[in-house]
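1. Kindly generate the corresponding structure for this input.
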Amino acid sequence: MFSPQELRQALTRRTFLTRSTTCLGGAALASLLNGRLSAAEDAPDLKSYGALPQLHFAPKAKRVIYLFQSGAPSHIDLFDPKPELTKRTGQELPSSVRGGQRITGMTSGQSQLLMVGPSNKFVRCGASGVEISELLPHTGKIVDDIALIRAMYTEPINHDPAVTFLLTGNQQPGRPTIGAWAAYGLGSVNKNLPEFVALLSGGGGQPLLSRYWGNGFLPGRYQGVQFRSSGDPVLYVNNPPGIDAGTRRDLLEGIQDLNRLELGAVGDPEIATRINAYEMAYRMQTSVPDLMDISKEPESVLQMYGAEPGKASYANNCLLARRLAERDVRYVQLYHRDWDHHGNLPNEIKRQCGLTDRASAALVTDLKQRGLLDSTLVIWGGEFGRTAYSQGKISPDNFGRDHHPRCFSVWMAGGGVKGGQVIGKTDDFGYNIVEDGVHAHDFQATILRLMGVDHTKLTYRYQGRDFRLTDVTGKVVEKLLA
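-> Coordinates of the predicted model:
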């Protein structure tokens, strides 16, 4: 009769590993628990390079805050003025402009593709005189600090593959997101908080999937950690009723002892990830509640953002992003839903701008006032643009726009970006790029470059191939660099 231990050894293919990887497992654990944390403790100047022995360039951006507008804001109505569209509203889009490009099934069946101009006026802002919509008065006040890319383009035509492509470099799920790559390559500089944090706001529209802040095939420790605005800031981080801190510590030590034994036996890196997660969770019990308590902020700061303590909102998340930046969290990604305006665009885009404009600008202003903007890259944008023609009928106060990957607008500020400029140009219809197009992979390569990383050299071997964020393409947008 086999004992439970003998039976387990007889049935598993890990017997060989059990006998041969104890030293390797121990080394991995020592590296994980001692090397990384010691490096973080000894690196107040943010020189914790994770998987990279050293950075390829002097970093301009030591951290990133990405304000992702899920659903795809209309570039035509916010950032790319097209007076010709206003003149031609109600006319058929010229076939020479479309050029046989594919469109979604939501408008391909329409008998006509009728052009429609911007829903609101554009105004010149700042010393640079960049034109943006009057729906964004607060963004207009920081226009000299931002670089507006009007010629971004991507490949997918529907939301999920487009979000996946922009954040991971591939349309198929399963690859690491930008934040996971940054955490993997650059490591942590705050042992009490994750390297990569996700914050969510908004409701309706396209769903937000957890793999949008996932680690893909990278070790699990590099996945983004979602911080919540209500209830437990992080799921299960608080002690359950009846368990005090001492009991929790004793319980954790017992679990960690078992995990260390198992790591030494089988050498599974995911066990090392679990060990690290338990330790991080314990430290977060004290660091996270203080971080999330925005009621400690001066009233003037709360008003600047439009934040309200205790409520879930985009404004609150922008303020939390600044607090995370102060604590040297490497990568913060805000996801705000409900920009998918296939109908009722004039009213809905006005509502979304009301929810996001003030706080987005406040974040840039606040970082600048605190001396953090030069070392913090702030990004604002969605997964693609919207069509020059209307989805459905056009009336004075109602029309919609379909998906448009051929061109869209994104802005960047701080972190080594040269502000007060516009990069790229689209045609008179906001339909095709005519100058300085920026592909999604170029965009990704530039983010890494600003963080001191050569995108071609940050790789991870998986299933016999060296993968990278930009796949096999991508070039840095030199005009963006200050």
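
2. Okay, the residue nearest the centre of the chain and residue 183: tell me how far apart.
-> Per C-alpha atoms, centre = their mean, the C-alpha nearest to the average position across the chain is that of residue 333, at 3.8 Å. Look at residue 333 and residue 183: by C-beta to C-beta, to the nearest Å, they are 11 Å apart. (Glycine included, C-beta is placed from N, CA and C.)

3. residues bridging contact with those two, i.e. touching both?
-> Among the neighbours of residue 333, those also in contact with residue 183 (C-beta atoms under 8 Å, 6 or more residues apart in numbering) are residue 196.

4. The stretch 301-450 of the chain: strands as residue ranges?
-> Assigned by DSSP state E, counting those that start in this stretch, the strands in the stretch 301-450 of the chain fall at 331-336, 376-381, 385-390, 401-404, 408-413, 421-423, 425-426, 433-435, 438-439.

5. can I get these in TSV with distance to residue 261?
-> Rendered in TSV, the data for the strands of the stretch 301-450 of the chain read as follows (distance: least, C-beta to C-beta, whole Å):
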stretch	distance to residue 261
strand 331-336	33
strand 376-381	42
strand 385-390	54
strand 401-404	52
strand 408-413	48
strand 421-423	55
strand 425-426	60
strand 433-435	58
strand 438-439	49
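
6. which of those is buried the deepest?
-> For those, the largest average neighbour count (mean count of other C-beta atoms under 10 Å) is found in strand 385-390, namely a mean of 28.

7. For it, list the C-alpha coordinates in CSV.
-> Output of strand 385-390 as CSV, limited to C-alpha atoms (Å, rounded to 0.1, in the frame of the first residue of the first chain):
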residue,chain,number,x,y,z
GLY,A,385,-10.9,56.9,-33.4
ARG,A,386,-14.4,57.5,-34.8
THR,A,387,-15.7,57.9,-38.4
ALA,A,388,-16.1,61.1,-40.3
TYR,A,389,-19.5,59.8,-41.4
SER,A,390,-22.5,59.3,-39.1
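
8. Let me see the residues that make contact with it.
-> With contact meaning C-beta under 8 Å, 6+ apart, strand 385-390 is reached by 72-77, 82, 85, 93, 97, 103, 107, 113-116, 152, 341, 345, 399-409, 429-431.

9. let's see it at 7 Å
-> With contact meaning C-beta atoms under 7 Å, 6 or more residues apart in numbering, strand 385-390 is reached by 72, 74-76, 85, 93, 113-116, 399-402, 404, 407-408, 429-431.

10. still on that earlier bit, can you convert the strands of the stretch 301-450 of the chain into a markdown table and add a column each for mean pLDDT?
-> Shown next, in a markdown table, are those (pLDDT from 0 to 100):
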| stretch | mean pLDDT |
| --- | --- |
| strand 331-336 | 98 |
| strand 376-381 | 98 |
| strand 385-390 | 98 |
| strand 401-404 | 98 |
| strand 408-413 | 98 |
| strand 421-423 | 98 |
| strand 425-426 | 98 |
| strand 433-435 | 98 |
| strand 438-439 | 98 |
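
11. List the contacts of residue 67.
-> Contact analysis of residue 67 by C-beta under 7 Å, 6+ apart lists 334, 360, 378, 379, 380.

12. And residue 400, by the same measure?
-> Applying C-beta under 7 Å, 6+ apart, the residues near residue 400 are 341, 342, 343, 344, 345, 390, 391, 392.

13. again, 10 Å this time
-> By C-beta atoms under 10 Å, 6 or more residues apart in numbering, the contact list for residue 400 reads 74, 106-107, 116, 340-346, 348, 386-387, 389-394.

14. Then residue 92?
-> With contacts defined as C-beta under 10 Å, 6+ apart, residue 92 is in contact with 112, 113, 114, 115, 389.

15. Just give the nearest non-adjacent residue to the fourth one, would you?
-> Beyond its immediate neighbours in the sequence, the residue positioned closest to residue 115 (C-beta to C-beta, 6 or more residues apart in numbering) is residue 88, lying 4.9 Å away.

16. was I right about the one you found contacting residue 429?
-> Yes: Residue 88 is within contact range of residue 429, at 8.2 Å (criterion: C-beta atoms under 10 Å).

17. which regions of the stretch 301-450 of the chain sit below the pLDDT cut-off?
-> Counting by pLDDT under 70, the stretch 301-450 of the chain contains no low-confidence range.

18. I'd guess residue 198 is in a strand, am I close?
-> Yes: per DSSP: H, G, I helix; E, B strand; the rest coil, residue 198 lies within a strand segment.

19. before we move on, back to that, nearest to residue 477, out of the strands of the stretch 301-450 of the chain?
-> Each of the strands of the stretch 301-450 of the chain was scored for nearness to residue 477 using C-beta to C-beta, and the closest is strand 438-439 (5.6 Å).

20. and residue 148, how many neighbours?
-> 24 (other C-beta atoms under 10 Å).

21. Export the helix or strand encompassing it to CSV, keeping only CA atoms.
-> Per DSSP states H and E, residue 148 falls inside strand 146-153. Output of strand 146-153 as CSV, limited to C-alpha atoms (Å, rounded to 0.1, in the frame of the first residue of the first chain):
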residue,chain,number,x,y,z
ILE,A,146,1.2,68.3,-23.8
ALA,A,147,2.2,66.8,-27.1
LEU,A,148,-0.9,66.1,-29.1
ILE,A,149,-0.5,63.2,-31.5
ARG,A,150,-3.2,63.7,-34.2
ALA,A,151,-1.9,60.8,-36.4
MET,A,152,-2.1,57.7,-34.3
TYR,A,153,-3.3,54.6,-36.1
